[in-house]
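Undergrad: Below are the sequence and a predicted model; questions follow.
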Amino acid sequence: MNQSHQPVLLDEVLNALHVDPAGSYVDATLGAGGHAAAVVARLTTGRLIGLDRDPQALKLAHKMLSGANVELHLSNFARLAQVLERAGVDKIDGALFDLGTSSMQLDQPQRGFSFRADGPLDMRMGPDAHLSAAQWLAQVSERELEAALRRFGEERFSGRIARAIVRYRNEQGNLSTTGELAHLVEVSIPHPARRKARIHPATRTFQAIRIAINDELAAIPAGLEAAFEHLKVGGTLVVIAFHSLEDRPVKQFFQRKSQGCTCPPGLPQCVCNKQAEVKRFPLVKPSDTEIERNPRARSARLRAGRKLA
């Protein structure tokens, strides 16, 4: 396992998956490979199918997870159903989704995901994202940009930031580095709000642009449905999210799957015959000890459920 990487909620993930040494498992978001390596270490005749849309992550995973019981695919998890069909896998015992950016992506300035160090304004998670952040910002309208900042970043100053970016583009040319964008966002936000902020002023803008160009939120329902469709009865689906926009569709998915009768109140007996498809596990958050050891785990939320007959 990569010693510099600390997989979030690792013990909790393994407890939820309850790995069967002969079972088949999916890691839909390999990242730096920490979760996958821990699952593979518990397999004997079992199998791991790993996915990542990032070629760099997949290259690292190939070095870490070699073996006859490991099969890795360069793919967005929205296409999980096609990957499993290609792999000849009909049913799986468990699946893990660790949503958002990986620490490996954030720590490489040349990937353009972070404002902590200056780098090219890229943010693409993989080759399936057709436009870099710089290219997208060079062509997006002010109205579309404001809507994206509001929807994907929940940014209260979305209008001011969008106007500033378009004005800069028209007067000085296209933005090309993370430092340029971070500074422009920072000076666009009123000073009192910057002073009171608990996070860097550009955090929400970077998140919004990243989600927009990688189409992250649209992939979540498709990936979860595909995993659930291939899950055996008694199998477990585990999802880690790091902010409310990711967590919301996950929460809604588990709520919908765990709901039983939907008949209107007052009927003498159920006529819809709908039964719960999932037994939900309690929400899990990182312990204080884990947060102290790995501050990036602070906002993690783990939701999981077991497929019912």
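TA: In hand now; what should we look at? Numbers count the residues shown, from 1 in each chain.
Undergrad: Any regions of the stretch 151-300 of the chain where pLDDT drops low?
TA: The model of the stretch 151-300 of the chain has no residue with pLDDT under 70.
Undergrad: can you give me the strands in it?
TA: Under the criterion DSSP state E, counting those that start in this stretch, the stretch 151-300 of the chain contains strands at 231-241, 278-280.
Undergrad: ranking these by burial, who's on top?
TA: Among those, strand 231-241 has the highest mean neighbour count (mean count of other Cβ atoms under 10 Å), at a mean of 22. Yep, even glycine has a C-beta here, placed from its N, CA and C like the rest.
Undergrad: Direction included, what does it pair up with?
TA: Applying DSSP bridges to the sheet, strand 231-241 is found paired with strand 92-98 (parallel), strand 301-307 (antiparallel).
Undergrad: Just send the strands of the stretch 151-300 of the chain back as a markdown table, with distance to residue 217 too.
TA: As requested, those are arranged in a markdown table below (distance: least, Cβ to Cβ, whole Å):
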| stretch | distance to residue 217 |
| --- | --- |
| strand 231-241 | 11 |
| strand 278-280 | 21 |
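Undergrad: Which one, of the ones you listed, ends up nearest to residue 82?
TA: For those, the distance to residue 82 is smallest for strand 231-241, at 16.7 Å, taking Cβ to Cβ.
Undergrad: what's the distance between that closest one and the middle of its chain?
TA: Strand 231-241 sits 16 Å away from the centroid of its parent chain (Cα atoms, centre = their mean, to the nearest Å).
Undergrad: Just the C-alphas of that strand, formatted as CSV.
TA: Taking Å, rounded to 0.1, in the frame of the first residue of the first chain, the C-alpha atoms of strand 231-241 are listed here in CSV:
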residue,chain,number,x,y,z
LEU,A,231,-25.1,-6.9,-6.3
LYS,A,232,-26.0,-10.4,-4.8
VAL,A,233,-28.7,-10.7,-2.2
GLY,A,234,-26.8,-10.1,1.0
GLY,A,235,-24.1,-8.0,-0.8
THR,A,236,-23.1,-4.6,0.4
LEU,A,237,-22.9,-1.2,-1.3
VAL,A,238,-20.6,1.4,0.4
VAL,A,239,-20.3,5.0,-0.6
ILE,A,240,-18.1,7.8,0.8
ALA,A,241,-18.9,11.4,0.0
